[in-house]
Structure formats: C-alpha cells, structure tokens
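Asker: curious how this folds, go ahead:
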Amino acid sequence: MNKFWRDLIFFTGFLVGMFLGDFFVSRRLIKIIEEDRKNYKKLKKYYEFFNYWMYSNQHGVLISQWIKSQGFKKVIIYGMKEFGMRLYDELKSNDIDIVCCIDQNQENIIGEYPFIGLNDEIPEADIIIVTAIHHFQNIKEDLQKKVKYPILSLELVVNCSLGMQKKENNNL
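Answerer: From the prediction side, this is the model:
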C-alpha cells in the first residue's frame, strides 16, 4: 500500500475517532448537566422550604399544635433525613405519639427512632407525614395501597399550621 492511501486511511480514522469521541463526550456532558440541574432545583426547593419552616417556627407556629387541633394523636413520619429528624424532635417534645418512622435507608440513620422498613406492615395511626417533599406524590401513591388514613406532605402540614396561626391571630 502506498503512502498516500495509508495516510488517507489514518487521517480518515483520526477524523472518525474525533467525531465519535466528541459525540459520546458531548452526550455524557449533557447528561451530567441535566442531572446537576435537577439536583439544583431539588436542593433549592429544600432550602426555600426549610427557611420557610424555620421562619414559621420562630414566629410560634408549631406543627404539633396543628396536629392536635385536627384530632390526630398517632403519627407516622415517612423519611428520616434532615426534615424527618427535625419533625421528630418537634413532635416528641410536644407529646405527640410517634408510632414509627419509615425510611428506605434505615441503616444510614443515626438516632433512636422507632423504625419499620418499606416492606413491613404499616401499623395503625391517624396520619402519615411525608418529609420527602420532592418525591411526595410517588410516595403517597405507594402508601395509599397500604393504608386508609391521611397521607400528607410536610410542606402541606407546615402551610396548614401557618394558616391556623394566622386565623387565630385575626380572631384576637
């Protein structure tokens, strides 16, 4: 094979390799950027919610008061990451009976929480509060197959608590 054809094949292979490499690297980068964008939106929502919840709490709005006002006595907390631990602390310190906590990653949770697994039978309670607010709808759909009592997002519970507080202040 003469030098011209050998150089042409080498150059063609080089160009094809560059094109394919660029194509696969670009697709991977796009996927990474999309994942980062989703994570950013999720973390931003968590940050804004946590700020709202703490602001409400600092102004005397307690979830435990709303729970009691609704006649709920036995609560199950679904999700024991940061929001779940803070909710647990508030409810426990205000004499709300926490039947159990449900979390898909029990082994990663630090603390003395009464746990059950996702596949365990869910005990009777008055309400389940889901702290995984970003995944609430999917979790609710799964839980509705197992229980007949209310399943509410922590986000809704905080909003209801704040609404109750505003109503009480307007009546004064």
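
Asker: correct me if wrong: residue 130 contacts residue 151.
Answerer: Yes. With contact defined as CB atoms under 8 Å, residue 130 reaches residue 151; the gap is 6.4 Å. Any C-beta I mention is one placed from the backbone N, CA and C, and that applies to glycine too.

Asker: mind listing the shared neighbours of the two?
Answerer: Common neighbours of residue 130 and residue 151, counting by CB atoms under 8 Å, 6 or more residues apart in numbering, are 78, 139-140, 143.

Asker: what residue ranges in this protein score low on pLDDT?
Answerer: For the chain, applying pLDDT under 70 flags the ranges 1, 8, 15-26, 107-111, 164-172.

Asker: at the geometric centre of it, which residue sits there?
Answerer: residue 132 (2.6 Å; CA atoms, centre = their mean).

Asker: in terms of neighbours, single out the busier of residue 130 and residue 151.
Answerer: More crowded of residue 130 and residue 151, by other CB atoms under 10 Å: residue 130, with 26 against 20.

Asker: that one and residue 142, how far apart?
Answerer: The gap separating residue 130 from residue 142 is 10 Å, by CB to CB, to the nearest Å.

Asker: what does residue 136 give?
Answerer: 11 Å.

Asker: ditto for residue 41
Answerer: Using CB to CB, residue 41 is found at 23 Å from residue 142.

Asker: what do you get for residue 160?
Answerer: For residue 160, the distance to residue 142 (CB to CB) stands at 23 Å.

Asker: who's more crowded, those two?
Answerer: Taking other CB under 10 Å, residue 160 and residue 142 do not tie; residue 160 has more neighbours (16 against 13).

Asker: enumerate every residue touching the more buried one.
Answerer: For residue 160, the contact set (CB under 8 Å, 6+ apart) comprises residue 66.

Asker: partner residues bridging the closest residue to residue 136 other than its chain neighbours?
Answerer: Once flanking residues are discounted, residue 136 sits nearest to residue 153: 4.2 Å by CB to CB, 6 or more residues apart in numbering. Residue 153 forms beta bridges with residue 130, as assigned by DSSP bridges.

Asker: for residue 153, give its distance to residue 112.
Answerer: In terms of CB to CB, residue 153 sits 25 Å off from residue 112.

Asker: same check, this time on residue 145
Answerer: Distance from residue 145 to residue 112, by CB to CB: 29 Å.
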